[in-house]
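> predicted model follows, preceded by the sequence.
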Amino acid sequence: MTEQSGRPVETAPRPRTVTLAERFPIHRLTLLAVAVLVGFGVVTGSWKTIAQGARGSSTGTRYRASRCCS
């Protein structure tokens, strides 16, 4: 590489060896693991909800207001 004046410019030497910790994408793997766990939880919960509805259980009666005072 040269400057506009035509003289060569010295560049900093690049390190030849990079440690494994510097090459290992920790943040990307952490995000991937969290995404897989969340996806697994959503799919499992949906599967259980759908299976419960297929068995014919009455899910709506659990949340009805009680008529204790009328």
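That came through fine.
> all helices of this structure, in order?
Under the criterion DSSP state H, the chain carries helices at the ranges 20-23, 26-54.
> quick one, which of these is packed in tightest?
Most buried of the helices of the chain, by mean neighbour count (mean count of other CB atoms under 10 Å): helix 26-54, with a mean of 10. From N, CA and C alone the C-beta is placed, and that goes for glycine too.
> quick one: mean pLDDT for that helix?
Mean per-residue pLDDT for helix 26-54: 94.
> with stretch 6-14 instead?
75.
> export the helices of the chain to TSV and tack on distance to Thr11?
Output for the helices of the chain, formatted as TSV (distance: least, CB to CB, whole Å):
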stretch	distance to Thr11
helix 20-23	20
helix 26-54	29
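> so for Pro8, which of those sits nearest?
Closest to Pro8 of the helices of the chain is helix 20-23 (CB to CB; 29.7 Å).
> and the contacts of that closest one?
Under the contact criterion CB atoms under 8 Å, 6 or more residues apart in numbering, helix 20-23 has no outside partners.
> picking up where we left off before, so which of the helices of the chain is nearest Glu10?
Per CB to CB, nearest to Glu10 of the helices of the chain: helix 20-23, 24.6 Å.
> averaged pLDDT, the closest one. What do you get?
74.
> can I get it in CSV? Just the C-alpha atoms.
This file holds the C-alpha atoms of helix 20-23, laid out as CSV (Å, rounded to 0.1, in the frame of the first residue of the first chain):
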residue,chain,number,x,y,z
LEU,A,20,-10.1,-20.7,20.2
ALA,A,21,-11.9,-18.3,22.5
GLU,A,22,-11.6,-15.5,20.0
ARG,A,23,-12.9,-17.6,17.1
